[in-house]
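> Have a look; sequence and predicted model below, questions after that.
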Amino acid sequence: MNKKLYYAHDPMCSWCWGFEPVRKQFFNNLSQDIELVRLVGGLAPDSIKPMPADMQLSLQNTWKKIQQAIPNTQFNFYFWSQCQPRRSTYPANRAILAAKLQGIEYDELMTQRIQQAYYREAKNPSDDSVLIELATELGLDTQKFTQDLTSDFIQQSLEQEILKARSLRLNSFPSLAYQVNNTLHHIQLDYLDANTMLNQIRTIDASSKETEAFTH
């Protein structure tokens, strides 16, 4: 069977940050024959406008809600007073794709570094200067990263990943879809227990094996 697990996320999505501990457990316990495909979903397009005050307040309330819903999830609320928030996550998405050009492992490493900078260190990943700083900390070729970050190729790659996520009906973040052969199954998230999602995968696999055996 051809098996793929699609994970649509955005490094500046606060629910993705809350999902990280369980996501790691989930991914680490997946069967080796499942191909994992990470997609950046592009939560908010490029903007130079300051975030409206009501949106800032709404996001701060979301952070508080996540802290209550997911134990041990922490946010640094100094971000809202120390930075100039903008509703713009495309730069951070492009940073992941630019980092990935220097090694597949940087897909996850850059995602995690952006999350740490944003949610724990009160840095603004909407700013290219911050993203370049993070790339340097990760040991990337800073000159290449800086050029790639604003390149047409990376912008096109971002647009393609957004379209792919939409085609899979992964319209919120984080989202998971499991494809076995040509059948797509959406996985219900559990922010507290990886076993909920692992059991869904096992159930789908068992059902798919039965179907395959029956058709043969």
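Happy to help now that I have it.

> Mind listing residues that contact the top helix by length along the chain?
Counting by DSSP state H, the longest helix found in the chain is helix 194-215. The set of residues external to helix 194-215 that reach it, using CB atoms under 8 Å, 6 or more residues apart in numbering, is 1, 3, 5, 22-23, 25-26, 29-31, 34, 176, 178, 180-181, 183, 185, 187-190. For the C-beta atoms, the positions are set from N, CA and C on the backbone; glycine is no exception.

> Could you do stretch 33-48 as well?
Contact with stretch 33-48 is made by 1, 3-13, 27, 30, 86-91, 93, 96-97, 107-108, 111, 158, 161-162, 164-165, 170, 173, 175, 178, 201, as judged by CB under 8 Å, 6+ apart.

> rerun at 7 Å
Residues outside stretch 33-48 that contact it (CB atoms under 7 Å, 6 or more residues apart in numbering) are 3-10, 12-13, 27, 86-90, 93, 96-97, 107, 158, 161-162, 164-165, 170, 173.

> Return the alpha-carbon coordinates of whichever helix or strand Leu158 is part of using CSV.
Using DSSP states H and E, Leu158 maps to helix 152-167. C-alpha atoms of helix 152-167 as CSV (Å, rounded to 0.1, in the frame of the first residue of the first chain):
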residue,chain,number,x,y,z
ASP,A,152,10.4,34.0,-7.0
PHE,A,153,11.2,30.3,-6.7
ILE,A,154,10.4,30.3,-2.9
GLN,A,155,7.2,32.4,-3.5
GLN,A,156,6.0,29.9,-6.1
SER,A,157,6.9,27.0,-3.8
LEU,A,158,4.8,28.6,-1.1
GLU,A,159,1.8,29.1,-3.4
GLN,A,160,2.1,25.5,-4.5
GLU,A,161,2.1,24.2,-0.9
ILE,A,162,-0.9,26.4,-0.1
LEU,A,163,-2.8,25.0,-3.1
LYS,A,164,-1.9,21.5,-2.2
ALA,A,165,-3.2,21.9,1.4
ARG,A,166,-6.4,23.4,0.0
SER,A,167,-6.8,20.5,-2.5
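
> Show me the strands in this structure, by range?
Secondary structure of the chain, counting by DSSP state E: strands at 3-9, 34-40, 175-180, 183-187.

> about what we covered before: what helices or strands is the helix holding Leu158 leaning on?
Judged by 3 or more CB pairs under 7 Å, 6 or more residues apart in numbering; DSSP states H and E, the packing partners of helix 152-167 are strand 34-40, helix 90-100.
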